[in-house]
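# the amino acid sequence is not available; the structure is as follows:
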């Protein structure tokens, strides 16, 4: 399976190596997404973050989001356990 995520373009990766990369917490912010996020936040919009990442990556994901400038959301929702069976 080919996964194309930051810093690994063209390398063959599996779910385990993808999750190892996620645990490192070095995913950069996408400038346009972060700008939109901050614009919405400045207008008083309550933001709910939704991710396809699994619950066991919660800590690393939140740390990474805060590190790159995403903070102050109302709620963050991770992949529901039963979806992992699909």
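Sure, I can see it. Computed from a predicted structure; not experimentally measured. Numbers count the residues shown, from 1 in each chain.
# what mean pLDDT does the helix of greatest length in the chain get?
Selection of the longest helix in the chain by residue count, based on DSSP state H, yields helix 31-42. Computed over helix 31-42, the mean pLDDT rounds to 97.
# check which helices and strands it sits against.
For helix 31-42, not one helix or strand is in contact under the criterion 3 or more CB pairs under 8 Å, 6 or more residues apart in numbering; DSSP states H and E. C-betas here are computed from N, CA, C, even on glycine.
# in the lowest-mean-pLDDT helix or strand in the chain, what counts as buried?
For the chain, scoring each helix and strand by mean pLDDT, DSSP states H and E identifies helix 15-24 as the least confident one, at a mean of 87. Buried residues in helix 15-24, counted by 16 or more other CB atoms under 10 Å: 21-22.
# and stretch 68-78, how far from the chain's centre?
In this view, stretch 68-78 has its centroid 9 Å away from the chain centroid, taken as CA atoms, centre = their mean, to the nearest Å.
# list the contacts of that stretch.
Outside stretch 68-78, the residues that touch it by CB atoms under 8 Å, 6 or more residues apart in numbering are 27-29, 34, 37-38, 41, 46-51, 53-55, 57-58, 61-62, 65.
# cross those against strands and list the overlap.
Taking DSSP state E, the ones among these that sit in strands are 48-51, 53-54.
# farthest-apart pair in those, please.
Using CB to CB, the ones in strands among the contacts of stretch 68-78 span at most 18.0 Å, a distance reached by 48 and 54.
# among these two, which residue is more densely surrounded?
Each of residue 48 and residue 54 had its neighbours counted (other CB atoms under 10 Å), and the higher figure belongs to residue 54 (17 against 10).
# so the more buried one sits against residue 60, correct?
No. Counting by CB atoms under 8 Å, residue 54 does not reach residue 60; the two are 10.7 Å apart.
# and the closest residue to residue 40 other than its chain neighbours, how far is that from residue 19?
Excluding the flanking residues, the one nearest residue 40 by CB to CB, 6 or more residues apart in numbering is residue 47, at 6.2 Å. Applying CB to CB, to the nearest Å, the value for residue 47 to residue 19 is 25 Å.
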